[in-house]
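Peer 1: Quick one, structure for this:
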Amino acid sequence: MAEQRKRRVRVKNTKRVDVTSRAITLGKNRRGDTSRQREDADEFISATDIIVETPYQMAGLSQVFEKSNILRQCVSAMETNIARYGYRIVAVKEGQEMDKDEVEILQSFIDYANPDESLSMVHSKFVNDYEKYGFGFREIMRNRFGKVTLVRHAKSYTIRLLKKGQDTVEVTRKISRNGKQVSVKERKKFRRYVQILGGTKTYFKEFGDPRVMDYRTGRFDSDDHPVEKGNEATELLHTGQYSEDVYGIPRWISQLPSILGSRESEEVNLRYFEDNTVPPMMLSVAGGRLTRQSFTDLQNLLNGQGVGKERQNQILLVEAIPESTGLDDKGTVSLKVDKLADVRQGDGLFREYDEANMGKVRSSFRLPPVVIGMSQDITFATANVSAFLAETQVFLPERKMHDNHFNKSFVNSEKGLNLSTVRLESKAPSITNPEQVIKSLTALNVMGGVTPRTAIDTANEALELSIPQYPDKGTEGWMPWMDEPVAFALRGAKLGENTQDEQGDKTEDIKDEEEDGDTLPKPPEKGQE
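Peer 2: Below is the predicted model of the structure:
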C-alpha cells in the first residue's frame, strides 16, 4: 500500500494564530465539556485527500447569498418561522404523565443550551446554515462522566466531512415496539469531521460514537496512540437536506442563474445612473463651427468633468462662428438642440426580468410574497390565506421534521439526554385573529366541547395571554366543574336553582293553607263513621 504524500499548504497574507483550546480545570480533574471550535480566520485551507469535498464552493455560496436581493429574505423567513418561536415540553405519548425530574432537565437545556445561548438561539443559527448551505452542525459536549452538558452551534462554512473508515463499531439503541422499549444492536461506520482555521486542524467525532478520539490528531484511543485526559474530541450532530450528496444541497441551488442574473441587471442599472450613459439632449451646429473654447468645454463636460448625477444639471454656454466663402459672404450659423428623452431609460432596466427571478427564488422555498415583506396588492383576506398556506405547507412540516430528528437523536436517545417521558416541540405562531378564536370557542361551547380549563389554554396560546390556570385534579382548590363542559355545567346549575325555587314555593303554599284552615279533612278513625 503506497504511502500518502503530505501536502504543503501555503497561506498568503495570513498570520498563523495559535487558538488551541485549553481544558477547564475543576480541582484536580480536567473537565471534558470544553468546546473544540476555533475562532474565525481569513480563509479555509484544504487539508488532505480524505476530506470529502463540498458539492459547491462554500465561499461562492456565501458570496451569492450576500449579493442576492431576495435570498436573504427567504432564509430569514424560514429561520424565523421554524426556530425563533422557542420550544415547549410535551409528553412522549399523548396522555402519558411526564416525569418532573425529566421536565426540569429538559427545561434547563431549553433555557441554557450553553452559558451564552438558549436552545432556540442555537437552533436558529443551525436553521440559517441549513437553509443557506444545505446542511448544519451542532456541537455536543460531555463532562468527564460522559453525560451531555452543553450544546453549541458549529459553523458549516468551516467544517468538512472525512471519509468513513473501514472499522465498524457495535452500538445498542432502544426503539419502541408494541408499547415496550426494545434494545437493538447494529454495527455502524462512524464519520469524523475536521475544522481547519489559521492552518490548525481540529477534529470532531460523529455524535454517538462511543470511541475516544484526540481532537488534535483525529486518532482514536489505542495502545499505540493513547488519548490524554483533556484532549478528548467533542461530537458533532450533522443534519443535511436530503440529496445524493453526503453534505446536503440547498433548496435554492437550482435558481442560481436567476440569482446571478438579477445581480447583473442591478449592476447594469447602477452603472447607468453613475455614468449617465445617454445625455438628455444633443447639440448640432449647421453653417458654422464651435469656437475652440466651446468645443473644449463641451468635450470636458462629456468626458472628464463630473460623471453621473454630478453633471446632470450643469449649464454650458456654447459659442459658434459662421463659415464664410468670401469677403462679402458672412454666412449664417444655427444651433439646434434635440431632446433625447425617448431614448433615455425610465425607472430601471430589466424590471420584469428581476421580478420574475425573485418569484422563481421564492418558489424554491415555496414562500408567498407577504411572508418576505412584499405586500403590494395584498388584502387582509389574501394575507390570511397566504399565512395559513405557508404555515400548513412549509413551516409546520419543517418544524416537525427538525423536532423529530433532534428528539430521536438527542433528547430521547441513550447517547444524548436519555429522557423517556418528555420531548421537545417547537412553538408555532398564531395564524388566526381574536375574533375567529372567540367565534370558534363559542360554537364549540354550544356543542359541549369546551371546558373552563381548555378555554384558558386556548386563549393563552392563541391570544398570547397569561390567564392563570385552575388547580389540577387532586390538588387543593380543584372542583369538578373545572373539567366539565361549560354548557353542561351551566345547565346543571340552572336546573338545580329551579328545583330549589319550586320546592321553596311548595313549602310556602302549604304554610298558607294550614294558617287558613283550608286543608284536607283527616281520614276517619277505625270504628267511626
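
Peer 1: List the beta-bridge partners for residue 117.
Peer 2: residue 114 (DSSP bridges).

Peer 1: Give the burial count for it, as a bare number.
Peer 2: Counted by other C-beta atoms under 10 Å, the residues lying close to residue 117 total 17. The way it works is simple: take the backbone N, C-alpha and C, and place the C-beta from them, glycine included.

Peer 1: ditto for residue 60
Peer 2: Residue 60 has 10 nearby residues by other C-beta under 10 Å.

Peer 1: Check the one 4 residues further on too.
Peer 2: Residue 64 sits with 20 neighbouring residues when counted by other C-beta under 10 Å.

Peer 1: Packing partners of the helix or strand where residue 273 lies?
Peer 2: Assigned by DSSP states H and E, residue 273 falls within helix 256-275. Judged by 3 or more C-beta pairs under 8 Å, 6 or more residues apart in numbering; DSSP states H and E, the packing partners of helix 256-275 are helix 58-67, helix 351-365.

Peer 1: so where's the stretch 201-350 of the chain uncertain?
Peer 2: In the predicted model, the stretch 201-350 of the chain carries pLDDT under 70 at residues 275-283, 287, 301-319, 324-331, 340-348.

Peer 1: residues contacting residue 55?
Peer 2: Counting by C-beta atoms under 8 Å, 6 or more residues apart in numbering, residue 55 makes contact with 134, 243, 245, 247, 249.

Peer 1: now do 10 Å
Peer 2: Shown in contact with residue 55 (C-beta atoms under 10 Å, 6 or more residues apart in numbering): 61, 133-135, 243-250, 253.

Peer 1: Mind giving me the ChimeraX command for buried ones among the residues you listed?
Peer 2: The buried residues among these can be selected in ChimeraX (16 or more other C-beta atoms under 10 Å) with this line:
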select :61,133,134,135,245,247,248,249,250,253
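
Peer 1: Now for the residue nearest to the spatial centre of the chain, which secondary structure element holds it?
Peer 2: Within the chain, one residue has its C-alpha closest to the average C-alpha position: by C-alpha atoms, centre = their mean, that is residue 79, at 1.4 Å. In the assignment (DSSP H and E), residue 79 maps to helix 71-83.

Peer 1: Tell me the helix or strand right after that helix.
Peer 2: strand 87-91.

Peer 1: Can you name the next helix or strand after that following strand?
Peer 2: Downstream of strand 87-91, the first helix or strand assigned by DSSP H and E is helix 100-111.

Peer 1: Could you tell me the angle between the helix holding residue 273 and helix 71-83?
Peer 2: Between the axis of helix 256-275 and that of helix 71-83 there is an angle of 130 degrees, by axes from the mean of the first three to the mean of the last three C-alpha atoms, to 10 degrees.

Peer 1: what about helix 256-275, distance to the chain center?
Peer 2: Relative to its chain's centre, helix 256-275 lies at 29 Å (C-alpha atoms, centre = their mean, to the nearest Å).

Peer 1: which of the residues in that helix are buried?
Peer 2: 256, 258-259, 261-263, 265-266, 269, 272.

Peer 1: Pull the contacting residues for the nearest residue to residue 189 once chain neighbours are set aside.
Peer 2: Using C-beta to C-beta, 6 or more residues apart in numbering and skipping residues adjacent in sequence, the residue nearest residue 189 is residue 164, 4.6 Å away. Counting by C-beta under 10 Å, 6+ apart, residue 164 makes contact with 50, 52, 188-192, 206, 246.

Peer 1: Strands of the stretch 401-529 of the chain, residue ranges please.
Peer 2: Along the stretch 401-529 of the chain, the stretches classed as strands by DSSP state E, counting those that start in this stretch are 422-426.

Peer 1: low-confidence ranges in it?
Peer 2: Using pLDDT under 70, the flagged stretches of the stretch 401-529 of the chain are 431-432, 491-529.

Peer 1: One more: the stretch 1-150 of the chain?
Peer 2: 1-32, 38-49.

Peer 1: any idea how far residue 459 is from residue 434?
Peer 2: Going from residue 459 to residue 434 by C-beta to C-beta, to the nearest Å gives 9 Å.
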